[in-house]
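Q: Take a look and give me a structure for this.
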Amino acid sequence: MQNKGAVRLFAILLALVCVYQLSFTFVSQKVKNDAADYAQGDLQKESYYLDSISGETVYNFLGIRKYDYKDVQAREINLGLDLKGGMNVTLEVSLVDLVRSLSNNSTDSTFNAALNLASQRQKSSQEDFINLFAQAFEEIDPNAKLAANFLTPELKERINFNSSNSEVIEVIKEEADAAIDNTFNILRTRIDRFGVAQPNIQKLAQRGRILVELPGIKDKDRVRNLLQSTASLEFWETYENQEVYPYLLEVNEYIKEIQDANNETEEVADEQAEEVTDEQTEGTDDELSLLDELSSAEGDSASLDQNADMVRDFPLFSVLTPNVNNQGQLFKGPVVGFAHKKDTSKVNRYLNMPRVRTLLPRDMVFNWTMEPFDEKGNIYQLVALKVTTRDGSAPLDGSVVTDARQDFGQTQASAEVTMNMNSEGAKTWARMTKNNIGKSIAILLDDYVVSFPTVQTEITGGRSNITGNFTVEEAKDLANMLKSGKMPAKINIVEEYVVGPSLGEQSIKSGLWSFVIAFILVLLYMLFFYSYHAGAVANVALIANLFFIIGVLASFGAVLTLPGIAGIVLTIGMSVDANVLIYERIQEERRAGKGLKLAIADGYKNALSAIIDGQVTTLLTGIVLYFFGSGPIKGFATTLIIGIATSLFSAIFITRLVFERFLGRDKVIKFTTKATSEWLQHTKIKFLEKRRIAYIISGIAILISIASISIKGLNYGIDFKGGRTYVVAFDQDVKVEDVSNALAEGFGSAPEVKTFGSANQVRITTNFLIDDNSESVDNQVEDILYQELTPFLGSDIDRDEFTQDYIQSSTKVGPTISDDIKNTAMIALALSLLVIFLYVFMRFRNWQYGIGAIAALAHDSIIVLGIFSIFSGLLPFSLEMDQAFIAAILTVLGYSINDTVVVFDRIREYVGLYPKRHVEDNIDHALNNTLRRTFSTSLSTFVVLLSIFIFGGETIRGFIFALMVGVVVGTYSSLFVATPILYDFRNKIVKKIASKK
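A: Sure, this is the predicted structure:
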């Protein structure tokens, strides 16, 4: 083996990297266990503990680098929503509303007709909405001027009457992108404030769509409101730090006095209760409990290096650091203090105590900054605002902003923001700036301060320049936020997937059990089939492969989902194939009379081509899945891709290193056992003679499948047809007919209800109000669900308890999203076939090989579809055609072509070695010589899938069933479809050439 030292070094380095990456997961889990032990079941206390150490060092890696808990969390293996519970939401910014808001002529018939036509077309198209609008406008009236609809003050600098339609469309796209960027930033900030561990928010490829993943979320209604509510932009006058500091001293002294006089927090609560007037009594119990929390929280102040004396003498300033320099001098500006993010709520509670409010001016309110002040993201600034209106509202809101954009000042030294207001806003703005020269005006978004620029002079005319040490990106973000008030871009939830925590825990258990059982079965199989010598070496490679897969997943920050676990298990089953190919070739070399050392060397060399070809074809389907899949399917594709790469390394190099070491010590190595040494070893099946029988069998199977698909059809899941599904668990067994009848009145028609796993759990599917995009529609549907199912639940179960404890999971797919999923699935399937054909064609330099491969793949796809059609509704688990099914089909294609390519590789080898032998003999010899490998790999993979099918849980049972069928059908097609078709096409060409001669 050449470069043995380099391979050994790479293996060691890869192992070290994996250990390093996985160490963060172990450290994070230890911290969480410590938090759970500390809290003793109190979730709020546990959350406080974790927040308090988020900026503290919890991991010192070999004394080289220190990591705080926040860093450790970011590097641990993330569990998908199906394993830990939570929400996955796809949001869509309503570009229809956006385009309409930019227009000045909403009564124009051509304009409105184009909007309506574009909206209709978008339901069945993946084209960008603005492009569809441009096309529709051109179709309706080719001579119409789009510019006439957008001659607004806001756009006058970029659009005039002579602007072409294409120029106007470009401006609309720029405005749309700005609105989407702003929406994205607002959502990101809201989610960060929501306190979700490891959230994920990202823009999707289609303009206007944003994906949000929130692990561990239980309050769905709150999340929906959080994501869909309109942004609130406000302008406020401010107090100066020097004006506020004396009041803060009084507040601190007051809290200290009542703590000392009344024996800390309980007496503070009593003092507060005595001072609350009749009008203020509502919510008193809550305030008392909050003060109890303050007392218990202050007991943990040591974590912030605050000693007991500081907490006792300066209770307010122990959590709010005043804005002073080292000499004790107050800084200018509206910032009155700094606090750790975990202490911001404590500061709020202190400052909002009824008696404390009497110590402060009536017009003084406090708000926190949106962005953290420090690099680690832990410290926030507290800004003092001044109320100047009678009703306590802001004197100006975002509706007066007509335009805002990032620009550069005269010196071009740094970015700035240019803002324009309408005439009404300009008057108020002139008064505010005139009265606050030298002071700051705070800009708030969703009640958080995004900026507080200092007024240099009175600003008239409504045009302002906001300067500061802005980067270009910061200036763009601020400009987009300022424009949010004038852009009523509604946000719709077009897809939603919710998994309850109990179902997540169940998925983890079932997933791990299936994984452990499958892994043990593979290890035992290798020992049984290839002896405890070679089998043990293969098992070492499998264990190393598993370690590398998980380590690389952690390194990439990949999310581990239940299909991802299935992908790991399937990869392990398929990785056996590389070992089988190598071992079978070594045995062939031994039977040819070669010594052990030479046989091993030639076995690895001769098996390499088949291994690479087989794994690359599967890799190609994995890559297609990754780019066209989403959520759990992308997780499956990720583990599949990583697993293929690590499998190749482990099977080819790790095992070789072990064998080289054994050979160096002159150890005897056996590659088979007595029980398996002769199994399928000397077969002489005339495959090609029997091909017509196989054609008839396949033809009948294909005809039956097509007939079933045409007559009975496929059971499309909501991924492809749109709708809602709810998995509901009851305390007792229920009949699906009773549940369906109960829901029929509320939903207007009977929904589809099926048993899901055990008899007390059902899956409800309906398209009720799926076209309604109002903000309250999801809650409305759940209200009906609760009302109609109350007889099955009991009168003591309230609505919140029902949604949190009884609804195990829910999914919503809007009609637009379902069309996109359907189109994407077809593209993925077609692209996979094309990529596989091109690869086979290039590798074998003969189009007949490609035709044979594609024919086998088409055969496999049709029969798997047919089986799903025939048995849908007959088997006790779901056989829906959804995204998971498409992933299964693509995986089946990859597995089938893997089998086929191994046979093709051996045919190519025999044709080269025995050019004078008849082609039919070469092909039959190739099929017989690879038969042992074919059945060995198929059997091991099928056993692995069977264990996942039995123990992996209800949610992926249909997905695994498709893979199991695919393995059987794929094995058959590689022997009786792909190769015979290759032979027939080759013969046809040969005869045609001969006839011409």
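
Q: could I get stretch 637-650 in CSV with only the CA atoms?
A: C-alpha atoms of stretch 637-650 as CSV (Å, rounded to 0.1, in the frame of the first residue of the first chain):
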residue,chain,number,x,y,z
ALA,A,637,-29.5,14.0,2.2
THR,A,638,-26.7,15.5,4.3
THR,A,639,-26.1,12.4,6.3
LEU,A,640,-26.2,10.3,3.1
ILE,A,641,-23.6,12.5,1.4
ILE,A,642,-21.3,12.6,4.4
GLY,A,643,-21.8,8.9,5.0
ILE,A,644,-20.8,8.0,1.5
ALA,A,645,-17.6,10.0,1.8
THR,A,646,-16.6,8.5,5.2
SER,A,647,-17.7,5.0,4.0
LEU,A,648,-15.2,5.1,1.1
PHE,A,649,-12.4,6.3,3.4
SER,A,650,-13.2,3.7,6.1
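
Q: What average pLDDT does that stretch get?
A: Across stretch 637-650, the average pLDDT comes to 86.

Q: Mind jotting down where the strands sit in the stretch 651-800 of the chain?
A: 723-729, 752-755, 761-766 (DSSP state E, counting those that start in this stretch).

Q: Report the angle between the last one and strand 723-729.
A: Looking back up the chat, that one is strand 761-766. Orientation check (axes from the mean of the first three to the mean of the last three C-alpha atoms, to 10 degrees): strand 761-766 against strand 723-729 gives 160 degrees.

Q: so what strands line up beside strand 761-766?
A: Strand 761-766 pairs in its sheet with strand 723-729 (antiparallel), strand 752-755 (antiparallel), by DSSP bridges.

Q: Now do the longest one: distance to the chain's middle.
A: On the basis of C-alpha atoms, centre = their mean, to the nearest Å, strand 723-729 sits 21 Å off its chain's mean C-alpha point.

Q: and what of the last one?
A: Taking C-alpha atoms, centre = their mean, the mean C-alpha location of strand 752-755 is offset from the chain mean by 28 Å.

Q: Give me the contact list for that strand.
A: With contacts defined as C-beta atoms under 8 Å, 6 or more residues apart in numbering, strand 752-755 is touched by 736-737, 739-740, 743, 761-766, 876, 878. Placement of C-beta: from N, CA and C, glycine included.

Q: pLDDT (mean, whole number) over it?
A: Rounded mean pLDDT across strand 752-755 is 80.

Q: shaky segments in the stretch 1-150 of the chain?
A: Along the stretch 1-150 of the chain, segments meeting pLDDT under 70 span 1-2, 43, 82, 105-106, 124, 126.

Q: Wasn't Ala404 part of a strand?
A: Yes - looking at Ala404 with DSSP: H, G, I helix; E, B strand; the rest coil, it is inside a strand.

Q: Packed most tightly, which of the strands paired with strand 761-766 would that be?
A: Most buried of those by mean neighbour count (mean count of other C-beta atoms under 10 Å) is strand 723-729; its value is a mean of 22.

Q: mind exporting it as CSV, just the C-alpha atoms?
A: Output of strand 723-729 as CSV, limited to C-alpha atoms (Å, rounded to 0.1, in the frame of the first residue of the first chain):
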residue,chain,number,x,y,z
GLY,A,723,-54.0,21.3,3.4
ARG,A,724,-53.6,20.7,7.1
THR,A,725,-52.8,17.6,9.2
TYR,A,726,-53.0,17.1,12.9
VAL,A,727,-51.8,14.1,14.9
VAL,A,728,-53.9,14.0,18.0
ALA,A,729,-53.4,11.6,20.9
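
Q: just for the stretch 201-350 of the chain, where's the confidence low?
A: Those would be 218-219, 230, 261-311, if you go by pLDDT under 70 across the stretch 201-350 of the chain.

Q: what do you get if the cut-off is 90, keeping everything else the same?
A: Applying pLDDT under 90 to the stretch 201-350 of the chain flags residues 201-234, 252-319, 324-330, 340-346, 348-350.

Q: And the stretch 751-900 of the chain, by the same measure?
A: For the stretch 751-900 of the chain, the ranges with pLDDT under 90 are 751-855, 857-858, 861, 872-900.

Q: please redo it, this time with the cut-off set to 50
A: Judged by pLDDT under 50, the stretch 751-900 of the chain has no weakly predicted residues.

Q: and if you look at the stretch 551-700 of the chain?
A: In the stretch 551-700 of the chain (pLDDT under 50), no residue qualifies.

Q: For it, just list every one of the helices.
A: Ranges of helices within the stretch 551-700 of the chain are 562-591, 596-628, 632-649, 655-664, 691-711, based on DSSP state H, counting those that start in this stretch.

Q: quick one: which of these is nearest Asn165?
A: Closest to Asn165 of the helices of the stretch 551-700 of the chain is helix 596-628 (C-beta to C-beta; 32.9 Å).
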